[in-house]
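Q: Based on what follows, work out the 3D shape:
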Amino acid sequence: MRLTIVAVGLHVPDWAQTAYDDYAKRFPPELKVELKAVKTEPRGSKTVETLYAAERKRIEAAIARGTRIVVLDERGTNLTTKALAQRLKGWQLEGDDVALVIGGPDGLDPEFKAMAHERIRLSDLTLPHAMVRVLLIEQLYRAWSVNAGHPYHRE
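A: Okay, the predicted model is just below:
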């Protein structure tokens, strides 16, 4: 199974990339995690719809056919770590590759969100884009560790 994190935005601070890389290398070979960063559409005087369309095109190009699409959305399902671990286990049992999509500054195209297989949320707080990447991969690693019986997660 492959987890692909598709994130709008090519540049993150060094600390965020270092933290992301640290968690990414912890995953076992049977659960590959890959980051695909796509270009943010320059804002200028473009309409939000134009921005959404351009970024959606890039996001869709980064996702392989047949991949389960899970978008991060402020109105998505709120999950505990244990619930995310159950989701991860289900995805693995189904054999699906999964793309977890992080939108840009204006979020994601509403139609893209509507066609996604799932919508989840990470927090009630507004988080910096770089922090979302780190928080997401850490929670995916934590979910894997719960399922593997690894002592990383303690309750």
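Q: Please name the residues that touch the closest residue in space to Arg121 that isn't next to it in sequence.
A: The shortest distance from Arg121 to any non-neighbouring residue, by C-beta to C-beta, 6 or more residues apart in numbering, is to Gly76 (4.2 Å). No exception for glycine: its C-beta is placed from N, CA and C like everyone else's. Residues in contact with Gly76 (C-beta atoms under 8 Å, 6 or more residues apart in numbering) are 118-121.
Q: List just the nearest of those residues to Leu84.
A: Ile120 (7.8 Å; C-beta to C-beta).
Q: Not counting its neighbours along the chain, what's nearest that closest one?
A: Gly76 (4.4 Å).
Q: How about the secondary structure of the one you found?
A: What DSSP: H, G, I helix; E, B strand; the rest coil gives for Gly76 is strand.
Q: Start the count at 48 instead of 1 going forward.
A: Understood, numbering begins at 48; the last thing we discussed is Gly123.
Q: Look up the pLDDT of it for me, please.
A: If you check Gly123, the pLDDT there is 94.
Q: I'd like to know how far it sits from Asp61.
A: 29 Å (C-beta to C-beta, to the nearest Å).
Q: pull the CA atoms of stretch 132-151 into PDB?
A: What follows is stretch 132-151 as a C-alpha-only set of coordinates in PDB (Å, rounded to 0.1, in the frame of the first residue of the first chain):
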ATOM      1  CA  ALA A 132      -5.600   3.800  13.000                       C
ATOM      2  CA  GLN A 133      -8.800   1.900  12.200                       C
ATOM      3  CA  ARG A 134      -9.200   3.900   8.900                       C
ATOM      4  CA  LEU A 135      -5.500   3.100   8.000                       C
ATOM      5  CA  LYS A 136      -6.100  -0.600   8.800                       C
ATOM      6  CA  GLY A 137      -9.200  -0.600   6.600                       C
ATOM      7  CA  TRP A 138      -7.300   1.000   3.700                       C
ATOM      8  CA  GLN A 139      -4.600  -1.600   4.000                       C
ATOM      9  CA  LEU A 140      -7.000  -4.500   4.100                       C
ATOM     10  CA  GLU A 141      -8.800  -3.200   1.000                       C
ATOM     11  CA  GLY A 142      -5.400  -2.800  -0.700                       C
ATOM     12  CA  ASP A 143      -6.100   0.700  -1.700                       C
ATOM     13  CA  ASP A 144      -3.500   3.300  -2.400                       C
ATOM     14  CA  VAL A 145      -4.600   6.500  -0.600                       C
ATOM     15  CA  ALA A 146      -3.900  10.100  -1.500                       C
ATOM     16  CA  LEU A 147      -4.400  12.600   1.400                       C
ATOM     17  CA  VAL A 148      -4.800  16.000   0.000                       C
ATOM     18  CA  ILE A 149      -3.800  19.300   1.700                       C
ATOM     19  CA  GLY A 150      -5.200  22.400  -0.100                       C
ATOM     20  CA  GLY A 151      -3.600  25.700  -0.700                       C
END
